[in-house]
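In: Fold the following, please.
(chains A and B)
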Amino acid sequence: MIKAVRGTRDLLPPETALWNFVEAAVRDVFRAYNFHEVRTPIFESTELFSRSVGEETDIVSKEMYTWEDRSRAESERGQSLTLRPENTAGVVRAYIEHKLWDRGLNKLYYIGPQFRRERPQKGRYRQFYQIGAEVIGPPSAGSESPARDAEVLELLATLLDRLGIKNWNLELNSVGCPNDRAVYNEALRKALEPVVGQMDADCQRRAVTNPLRVFDCKVPADQPIIDKLPRISEYLDEPCRQHFQQVQEILNAVGVRFSLSDRLVRGLDYYTRTAFEFTHGALGAQNAILGGGRYDGLSESLGGPPAPGIGFAIGEDRLVLALKESAEAVQRKPDVYIAPLGAGMDREAARLAREMRRHDVVVELGDESFRLKKSLETASKIGARFALIVGENEVKSASFALKNLETGEQVSVPRAELAQKIQSSH
RNA sequence: GUGGGAGUAGCUCAACUGGCAGAGCACCGGACUGUGGCUCCGGACGUUGCGGGUUCGAUUCCCGUCUCCCACCCCA
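Out: This is a model prediction of the structure:
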């Protein structure tokens, strides 16, 4: 048997109803904040990701699905392509390619699959879905303002509340502006030098490749060492510190709760200043339900104009997982099951079904070869609210037996009133 | 990529130290010819993840492999 490949899966009913519910709510919230949808390609030139996400990150160095495209001519070299491991790079690429700065501030969102070749776990798949958004534009359009950071965070709080996600926690940090980041990195490296030898091998490796990530180290024995390391918050220059301060003030003003977490660092190279994560308890080790931050230099590093931005990505798989705990089923049940009864009644049933569906009634259609008992059985099994019996008597009198399957009450309804009768009983 | 656990009917799970693969739920049919849910009776259902080995005999023991789960790594 051919099976879905490792780390991929089929989303089936009724779960797909939950996904649709989530996406509908998300689109609704984005609309209120004046965000608009973009759809970028599912694969891009490999270079886009190595330049934006960072050559040294795990994502780029070992988790990408990369292949060489077929060349059409001798002279043409196959281009290296990659399934997108995240979507910010693609959106920024599109921003530059289509000169979207001409519109001032852009508030864009996307919903779609991403791909990373990691070992699968609950809430972590090789094809996974992200709902994300980016606020990006020239500084003159206000894209750098702390008001944008706060607005994005407040949007997220609204969204999670709206979805009925309980017990989320917002962790907030500033990873600094480019210039103080460099100074800080140096200080951190210096502080690590004398102690790094005592640390866990894995943490040592981080100390060398990406010192900032030492803070993510979870080995208990190393915690006292990590606690003594200098913090980025002590190295923020004045504008950067103020920026972070104002983000917090606005959040307080609008009543969004958060906790400062000066050990929160983000894995992708392009992040600057505000970094954040929303976590949820019910997800095991994959407790981050979404993450994001500011990426002020990303546009330039991809050859574009200055275009500070802030964005986030929600793990849709994880969101749905968290929702299963606290949301009831949202799948719409059929309004009526039509039970044709006897030879020739399929035709009549089809006509009635067509009429009612035009009136937005959800109809499931039976089969004239079924005995009435079986039809009613099926009707209640699939959760239909009504059963409509279409037999000779009904056709003759142009009035149909409509049975309420919850109460058992049955009435005869003239053809013209059927749809209305069913709709009005919600 | 590393370490550990688990794969048996559509689902949840049994099957003692190796001895005829089972139950509940779900599904299908009947009791009941145009009236569901309850009840009763019957039915179908399996390459025991896959491949090899040991054995008279393997769901059971051994090796390999695949997938899922847990943790790490990393991240959404």
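
In: close to RNA strand B, is stretch A:22-39?
Out: No. Counting by C-beta under 7 Å from any atom of the strand, RNA strand B is not contacted by stretch A:22-39; separation bottoms out at 13.3 Å. (Glycine included, C-beta is placed from N, CA and C.)

In: Export that stretch to CSV, keeping only CA atoms.
Out: Provided in CSV are the C-alpha atoms of stretch A:22-39 (Å, rounded to 0.1, in the frame of the first residue of the first chain):
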residue,chain,number,x,y,z
VAL,A,22,-10.3,28.6,12.0
GLU,A,23,-9.5,30.0,8.6
ALA,A,24,-12.8,31.8,8.3
ALA,A,25,-12.3,33.4,11.8
VAL,A,26,-8.8,34.4,10.9
ARG,A,27,-9.9,36.0,7.6
ASP,A,28,-12.6,37.9,9.5
VAL,A,29,-10.1,39.2,12.1
PHE,A,30,-7.6,40.2,9.4
ARG,A,31,-10.3,42.1,7.6
ALA,A,32,-11.1,44.2,10.7
TYR,A,33,-7.4,45.2,10.9
ASN,A,34,-7.3,46.0,7.2
PHE,A,35,-4.9,43.2,6.2
HIS,A,36,-5.1,41.7,2.7
GLU,A,37,-4.2,38.3,1.4
VAL,A,38,-1.1,37.4,-0.6
ARG,A,39,-0.3,34.0,-2.1
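
In: Of all the residues in it, which ones are buried?
Out: Applying a neighbour-count criterion of 16 or more other C-beta atoms under 10 Å, the buried positions in stretch A:22-39 are A:22, A:26, A:29-30, A:33, A:35, A:38.

In: Ok, stretch A:174-194 next?
Out: Within stretch A:174-194, the residues scored as buried using 16+ other C-beta under 10 Å are A:174-177, A:180-181, A:184-185, A:187-188, A:191-192.

In: number of nearby residues for residue A:86?
Out: By other C-beta atoms under 10 Å, 18 other residues sit near residue A:86.

In: Near RNA strand B, which residues of the stretch 101-250 of chain A are found?
Out: A:116, A:118-125, A:128, A:130, A:202, A:206, A:213, A:216-219.

In: For the stretch 251-400 of chain A, which residues are neighbours of RNA strand B?
Out: Contact residues (C-beta under 7 Å from any atom of the strand) of the stretch 251-400 of chain A with RNA strand B: A:266-268, A:277, A:284-291, A:313-315, A:317-318, A:341-342, A:371-374, A:376-381, A:389, A:391-394.

In: same thing but 6 Å
Out: Residues of the stretch 251-400 of chain A lying near RNA strand B by C-beta under 6 Å from any atom of the strand: A:266-268, A:284-286, A:288-291, A:313, A:315, A:317-318, A:341, A:371-374, A:376-377, A:380-381, A:389, A:391-394.
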